[in-house]
Structures are given as C-alpha cells and as structure tokens.
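Asks: quick one: sequence plus predicted model below, questions after.
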Amino acid sequence: MNTIEQWLTENEVQRKAQQLPEQHLYVLLDCASDKELPECVLNLDKQARRQSLFGTTSLAEIADAGPFLIEIDRNSTVFAYLLAKISKQPWGYFILSHDDIETLSNRLQVFLKAQMPDGKNYLFRFYDPRVMFNQLRVLSGERLSSLIGQGNIFVLPEFEGQHWLSVTHQGEIQLSRL
C-alpha cells in the first residue's frame, strides 16, 4: 500500500469515528499533460461519472481538451492506474468531497478565469498540480478557502520530493505532508 492509499484508509477510519458524512473520491485530470488520459480512464471504468470543467462555460468549444472531474472508487483499476502514473507526469490530483460531482464541478468552474491587476482575464490552471502547489504559497487564505471549499480535501503531489500534500478546509487552511 502506498502513501496515498494509507492516508485514504486513515482518513476513512477518522471520518467514521467522528460520524462525519461519507466523502466521494474524485480525480481532477489536467488533460494538457496527456491528451489520451481521459479516454484511458474511461476505458478502464466505463461507468465513471465525469464532468468537463469547460463544458458549460465560455470555453465549451474546447471541452474535450479541458480538465475533467471524474468520480472514482479507490478500489478500482482507474485509481491504481493513476497512482502508477503520478510519479511520471503531473496529470492532476485527487479531491475528497461531500459534494456530488455536479456541485463540485460547478463550484470549481468559478475559478477557471483569474483577473489580473491590469483588468485582463486569464485562464487559471488550478487543475495542474504544479500550478496549484505554487498557488498554495501565494493565494490569500480567503481565496484559497473559497477554491477548496468547506469540508473538502485536495490531495496533490509535490513533485520536488515526490510527496503528497493534503490541503483541507475546516474553517482554515491546513497544509500537511502525507
């Protein structure tokens, strides 16, 4: 069992002990890192529920190339496949959430564009774990809390040391290495 699997098991034990609601496991795929990744994931699990973050936005015309939020089972071949792939390339990261896939997708879509001080809007690639990891250092607590959402946990790789970093929101942001 690797670090993320151990952490998920421990998290589930704590959740049950505290009688907290069940959480869904999602993967946020950055398709720019591997254009065939969404198709590979769906071929491994044809029943996987997915939402394109670009799908219902002004970026809908490139929805197939955009990031996807996919609900997965931690005992699935998809989960094992992604864990094996993570050390080779930054394909995205995991999210634990109480939200259903539509609610989480809609909330994340709000962050696709960021306004710069000059007033121009740019694509905010928070779904790229390298970008997200750097943003953890510079986003204000309020903005980061808004992105992560109440009760959600983002689990993303730290490529410099091949460690996983969990980012939780429970009234405040807590960064911790797994």
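Replies: Alright, I've got the coordinates.
Asks: please count neighbours and contacts with C-alpha atoms only from this point.
Replies: Fine.
Asks: shaky segments in the chain?
Replies: Counting by pLDDT under 70, the chain contains low-confidence ranges at 1-2, 38, 87, 159-165, 169-175, 178.
Asks: so where do the helices sit in it?
Replies: Along the chain, counting by DSSP state H, helices occupy 3-17, 37-44, 77-86, 101-109, 129-138, 141-148.
Asks: find the nearest non-adjacent residue to residue 155, please.
Replies: residue 166 (4.4 Å; Cα to Cα, 6 or more residues apart in numbering).
Asks: got it, and residue 50?
Replies: Residue nearest to residue 50 in three dimensions, not counting chain neighbours: residue 70, with 4.3 Å by Cα to Cα, 6+ apart.
Asks: partner residues bridging that neighbour?
Replies: Beta-bridge partners for residue 70, by DSSP bridges, are residue 27, residue 50.
Asks: so who does it touch?
Replies: With contact taken as Cα atoms under 8 Å, 6 or more residues apart in numbering, residue 70 is in contact with 26, 27, 28, 29, 48, 49, 50, 51, 101.
Asks: please repeat the previous calculation with a cut-off of 7 Å.
Replies: Shown in contact with residue 70 (Cα atoms under 7 Å, 6 or more residues apart in numbering): 26, 27, 28, 48, 49, 50, 51.
Asks: nearest approach to residue 64 belongs to which of the helices of the chain?
Replies: Closest of these to residue 64 is helix 37-44, at 8.9 Å (criterion: Cα to Cα).
Asks: distance of residue 7 relative to residue 13?
Replies: 10 Å (Cα to Cα, to the nearest Å).
Asks: more neighbours, these two?
Replies: residue 7 (16 against 12; other Cα atoms under 10 Å).
Asks: so what's the residue count around the residue lying closest to residue 92 once chain neighbours are set aside?
Replies: Residue nearest to residue 92 in three dimensions, not counting chain neighbours: residue 29, with 4.7 Å by Cα to Cα, 6+ apart. When neighbours are defined as other Cα under 10 Å, residue 29 has 27 of them.
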